[in-house]
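Participant: this one's structure only:
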């Protein structure tokens, strides 16, 4: 009986290892930019809506980031002057449509609307976690 339990435990442990999906988010910072959002580096004058973002060199991937969707979550302030910029436990999914050139202040430069959905725009820059979805 003990051998059967041991075998069952081993099978369950292996199943967990092969079938579990551990999602690990990257961390960085987000800033925002304001309209007009066209033209964009990825889509020219195409209207991509307002839940969009510009990628910094950290994720730009030589235009490979164009069209990728990222879930972005506010994790906190980047300065002591604004200790609670996040709007609860919210996250936002944005599509990369533009490039934030060298000197970009954030890992992801969100549209003003996307930023405001997860944080107080007065913060200007926030700590984030993000993952491609």
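Facilitator: Ah, there it is. These numbers come from a predicted model, not from an experiment. Residues are numbered from 1 along each chain as shown.
Participant: which residues in this structure form helices?
Facilitator: Here the chain has its helices, by DSSP state H, at 2-19, 57-60, 112-118.
Participant: which regions of the chain lie under the pLDDT threshold?
Facilitator: Scanning the chain for pLDDT under 70 picks out the ranges 1-23, 82.
Participant: what's near enough to touch residue 105?
Facilitator: 29, 31, 125 (Cβ atoms under 8 Å, 6 or more residues apart in numbering). For glycine as for every other residue, the C-beta is placed from the backbone atoms N, C-alpha and C.
Participant: most surrounded residue in those?
Facilitator: Most neighbours among these, by other Cβ atoms under 10 Å: residue 31, with 21 neighbours.
Participant: Which residues does residue 44 form beta bridges with?
Facilitator: Taking DSSP bridges as the rule, residue 44 bridges to residue 40.
Participant: Check the gap between the nearest residue to residue 84 once chain neighbours are set aside and residue 122 for me.
Facilitator: Spatially, and ignoring its direct neighbours in sequence, residue 84 is nearest to residue 77 (7.2 Å; Cβ to Cβ, 6 or more residues apart in numbering). Here residue 77 is placed at a distance of 11 Å from residue 122 (Cβ to Cβ, to the nearest Å).
Participant: for residue 57, same thing?
Facilitator: Distance, residue 57 to residue 122, by Cβ to Cβ: 27 Å.
Participant: More neighbours: which of those two?
Facilitator: Per other Cβ under 10 Å, whichever of residue 57 and residue 122 has more neighbours is residue 57, with 14 against 8.
Participant: so what's that one up against?
Facilitator: So residue 57 contacts 102, 104 (Cβ under 8 Å, 6+ apart).
Participant: redo that, cut-off 10 Å
Facilitator: If a contact means Cβ atoms under 10 Å, 6 or more residues apart in numbering, then residue 57 has 99-104, 107 as its contacts.
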